[in-house]
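>>> Compute the structure for the input listed below.
(4 chains)
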Protein chains: 2
Amino acid sequence: MSYIFNFGVPGFMDALSPEQQKLVEDAGSIRRYSHKQHLQSRGDQDQAFSIIKAGSVCFGKTDSSGKFIALATLEAGQCYGEFTVFAGLPRTHDGFTVGETVISHISKARFDRLLLDHPDLAGAIIRVQTLRLHQALEWIDDLRRYPLKYRLGKYLLFILASADGPRIAITQSDLADLMGVSRVAVSGVLADYRARGFLRPVYGGLEILDSEGLRKWLRSFLTLDPLVAH
Amino acid sequence: MSYIFNFGVPGFMDALSPEQQKLVEDAGSIRRYSHKQHLQSRGDQDQAFSIIKAGSVCFGKTDSSGKFIALATLEAGQCYGEFTVFAGLPRTHDGFTVGETVISHISKARFDRLLLDHPDLAGAIIRVQTLRLHQALEWIDDLRRYPLKYRLGKYLLFILASADGPRIAITQSDLADLMGVSRVAVSGVLADYRARGFLRPVYGGLEILDSEGLRKWLRSFLTLDPLVAH
DNA sequence: TCTTGAATGTAAATAACTTTACAATTGGAT
DNA sequence: ATCCAATTGTAAAGTTATTTACATTCAAGA
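Numbers count the residues shown, from 1 in each chain, chains lettered A, B, ... in the order given. Here you go, the predicted model:
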């Protein structure tokens, strides 16, 4: 899984040359975490740029009523903490590990120095942040324009593209958190997809049976969406 | 009005030093437009960075069914075209002028050279793009978490903050386009706000009567929102 | 002053989604 | 082999927003 607004957009590390990658990786200090360990809370003032070396991290926000909405689950190779380092913001999301996780942390001070010493990093950063902003605005349009019935299908195709088989390992509850809707709503859409022969729910995941059929069906609704056009 | 996801975030020009502003402004060529003149369509391949010198520009997307959803209306002093210049993307939105408008255009080639000659511009760009991304993610959370009843109030407070009086000049239809909902829904929420004494609809706009009352009322629902906390 | 297009207010039927609830199924642990 | 917690399927009632429709109000121009 990845930034759910961020499919098709390279992570920071991918946007860097091998030499730049080494520079950034060497600047960090390694820490290990167990499953479901708390990493940060929205509002925390610590500032650091972090690279996930193994495992994954789920980010989201919980309001006072206890409702959690996930923004993304980042996996090994991806980074977070850009907001604190690039814009000086406090932590914008709650974060916790999913599975045994290893993370390399770079303090803001150290990252700032890295950027001063290697101004060529700026180009990659601008490009990636701009692509992410673009994806975020596309997502906002999707949210306001299309019902869950179509958004979920689009999302599943994205997940499938980065999966290595027709099986997607995600519970309907987690899927609901990521789409920002109730589990019942997800369950209903999946039942509809099953009836159409697009997929088959299995315990703890989904098996996509006809991704091309799903894509074709979506294309007739999500008319201005090149991502589904593929 | 401004980027509706972007309140509190400086525009590019605001983030630059006076010398940098002059550099960027001097690089552009001026063009004049009449009211409701088409500027660009989603998918256009031309690449340029543009600064609105007078008037304003409305950006949004229209799908094949004809449904238009606005992203933002930018006013004098604000810029657009970052996606084409910073990330090489085609135009992401349809754009048209609102009122007599004057725009300064800088070609991508010229902007690239500007950035090469003045690498100190990169810091401001990174910061602004990161802040915008942050605002976009906050907006996404709002969309998924809160009903229109609360989102609209939050938006009105933002508009009010950059207005010079209690009167906001925007029709309910335009408000609906900006919120991505139907005019009827906006009308209903405004009727509710009127009943609560927060505002009074006037022809072609709104008159805010009790912004502090509205803020207080919102605060009890939008619990994790510092913007309303103010 | 009168006309006219734009904007507003409101109602009714429908669609999308939520919350709550409960039964059935699954897979791992003892 | 059995238990148990997690997951899934589904139903019902309520909320939010949509679409369509129509009457009313407003402001600007003839």
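>>> Pull up the residues of chain A that are close to DNA strand D.
Residues of chain A found near DNA strand D (C-beta under 7 Å from any atom of the strand) are A:171-173, A:183-184, A:187-188, A:190-191, A:194, A:201, A:203-205. Every residue, glycine included, has its C-beta placed from N, CA and C.
>>> Among these, find me the one that's closest to chain B.
Of all the residues of chain A next to DNA strand D, A:Arg183 has the smallest distance to chain B: 14.4 Å, by C-beta to the nearest C-beta.
>>> For that closest one, give me its contacts.
A:Arg183 makes contact with A:172-173, A:176, according to C-beta atoms under 8 Å, 6 or more residues apart in numbering or on different chains.
>>> Out of those residues, which sit inside helices?
A:172-173, A:176 (DSSP state H).
>>> Adding pLDDT and neighbour count, write those residues out as a markdown table.
Below are the ones in helices among the contacts of A:Arg183 laid out as a markdown table (pLDDT from 0 to 100; neighbours: other C-beta atoms under 10 Å in any protein chain shown):
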| residue | pLDDT | neighbour count |
| --- | --- | --- |
| A:Gln172 | 97 | 18 |
| A:Ser173 | 95 | 12 |
| A:Ala176 | 95 | 20 |
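>>> coming back round to it: tell me the one among the contacts of A:Arg183 nearest to DNA strand D.
A:Gln172 (3.5 Å; C-beta to the nearest atom of the strand).
>>> okay but that closest one is in contact with A:Ala185, surely?
No - between A:Gln172 and A:Ala185 there is no contact under C-beta atoms under 8 Å: 9.8 Å.
>>> Check the gap between A:Leu39 and DNA strand D for me.
20 Å (C-beta to the nearest atom of the strand, to the nearest Å).
>>> Identify the spatial nearest neighbour of that residue, chain neighbours not counted.
A:Gly95 (4.2 Å; C-beta to C-beta, 6 or more residues apart in numbering or on different chains).
>>> chain center to the helix or strand containing that neighbour, what's the gap?
A:Gly95 belongs to strand A:94-107 when assigned by DSSP states H and E. Strand A:94-107 sits 14 Å away from the centroid of its parent chain (C-alpha atoms, centre = their mean, to the nearest Å).
>>> So for the next helix-or-strand element following it, mean pLDDT?
For strand A:94-107, the following helix or strand on the C-terminal side (DSSP H and E) is helix A:108-117. Helix A:108-117 shows a mean pLDDT of 93.
>>> what helices or strands is helix A:108-117 leaning on?
Secondary-structure packing of helix A:108-117 (3 or more C-beta pairs under 8 Å, 6 or more residues apart in numbering or on different chains; DSSP states H and E): strand A:48-62, helix A:82-87, helix A:121-145.
>>> Going by neighbour count, list what's buried in stretch A:125-133.
For stretch A:125-133, the buried set under the neighbour-count rule, 16 or more other C-beta atoms under 10 Å in any protein chain shown, comprises A:125-133.
>>> got any ranges where chain A has weak pLDDT?
The model of chain A has pLDDT under 70 over residues A:1-9, A:224-230.
>>> Outline the domain layout of it.
A:12-140, A:146-229 (automatic domain parsing).
>>> Tell me which of these lies nearest to DNA strand C.
domain A:146-229 (3.0 Å).
>>> any idea how far the closest one is from the chain center?
Worked out by C-alpha atoms, centre = their mean, domain A:146-229 lies 16 Å from the chain centre.
>>> One more: stretch A:136-143?
Distance, centroid of stretch A:136-143 to centroid of chain: 14 Å (C-alpha atoms, centre = their mean).
>>> Send me it as PDB with only the CA atoms.
C-alpha atoms of stretch A:136-143 as PDB (Å, rounded to 0.1, in the frame of the first residue of the first chain):
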ATOM      1  CA  ALA A 136      -4.100  15.500  -3.600                       C
ATOM      2  CA  LEU A 137      -6.200  18.000  -5.700                       C
ATOM      3  CA  GLU A 138      -7.300  15.100  -8.000                       C
ATOM      4  CA  TRP A 139      -8.300  13.200  -4.900                       C
ATOM      5  CA  ILE A 140     -10.300  16.100  -3.600                       C
ATOM      6  CA  ASP A 141     -12.100  16.300  -6.900                       C
ATOM      7  CA  ASP A 142     -12.900  12.600  -6.800                       C
ATOM      8  CA  LEU A 143     -14.200  12.900  -3.300                       C
END
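>>> how about that stretch: buried residues?
Buried residues in stretch A:136-143 (16+ other C-beta under 10 Å): A:136-143.
>>> ok so, going back, if we look at the strand holding A:Gly95, which residues are touching it?
Applying C-beta under 8 Å, 6+ apart, the set of residues contacting strand A:94-107 is A:24-25, A:27-42, A:47-62, A:68, A:73, A:80, A:114.
>>> filter the residues you listed to the buried ones?
A:24, A:27-28, A:33, A:39-40, A:42, A:47-53, A:55-61, A:73, A:80, A:114.
>>> from memory A:Val128 sits against A:Met13, does it?
No - counting by C-beta under 8 Å, A:Val128 sits too far from A:Met13 to count as a contact (9.8 Å).
>>> Grab the nearest non-local neighbour of A:Leu214.
A:Phe198 (4.2 Å).
>>> what's near enough to touch the one you found?
A:153, A:208-211, A:213-214, A:217.
>>> from those, which ones fall inside strands?
A:Ile208 (DSSP state E).
>>> Does stretch A:164-174 reach DNA strand C?
No - using C-beta under 7 Å from any atom of the strand, stretch A:164-174 stays clear of DNA strand C, with a minimum separation of 11.2 Å.
>>> Next, the buried residues of that stretch.
Neighbour count says stretch A:164-174 has A:168, A:170, A:172, A:174 buried, by 16+ other C-beta under 10 Å.
>>> Same check on stretch A:71-91?
A:71-75, A:78-87, A:91.
>>> And those residues, which is closest to B:Leu121?
A:Phe86 (14.9 Å; C-beta to C-beta).
>>> separation between that closest one and A:Arg215?
35 Å (C-beta to C-beta, to the nearest Å).
>>> so which strand or helix has A:Phe221?
Counting by DSSP H and E, A:Phe221 is part of no helix or strand.
>>> actually A:Arg31, not the one I typed
Here A:Arg31 is assigned to strand A:29-33, by DSSP H and E.
>>> In strands only, show me the residues of chain A next to DNA strand D.
A:201, A:205.
>>> Buried ones only from the residues of chain A next to DNA strand D, please, as a PyMOL command.
Remark: buried members of the residues of chain A next to DNA strand D, expressed as a PyMOL selection using 16+ other C-beta under 10 Å:
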select buried, chain A and resi 172+190
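>>> Rebuild the residues of chain A next to DNA strand D as TSV, extending it with distance to B:Glu19.
As requested, those are exported to TSV (distance: C-beta to C-beta, whole Å):
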residue	distance to B:Glu19
A:Thr171	55
A:Gln172	56
A:Ser173	54
A:Arg183	55
A:Val184	58
A:Ser187	58
A:Gly188	58
A:Leu190	57
A:Ala191	61
A:Arg194	62
A:Pro201	60
A:Tyr203	63
A:Gly204	59
A:Gly205	57
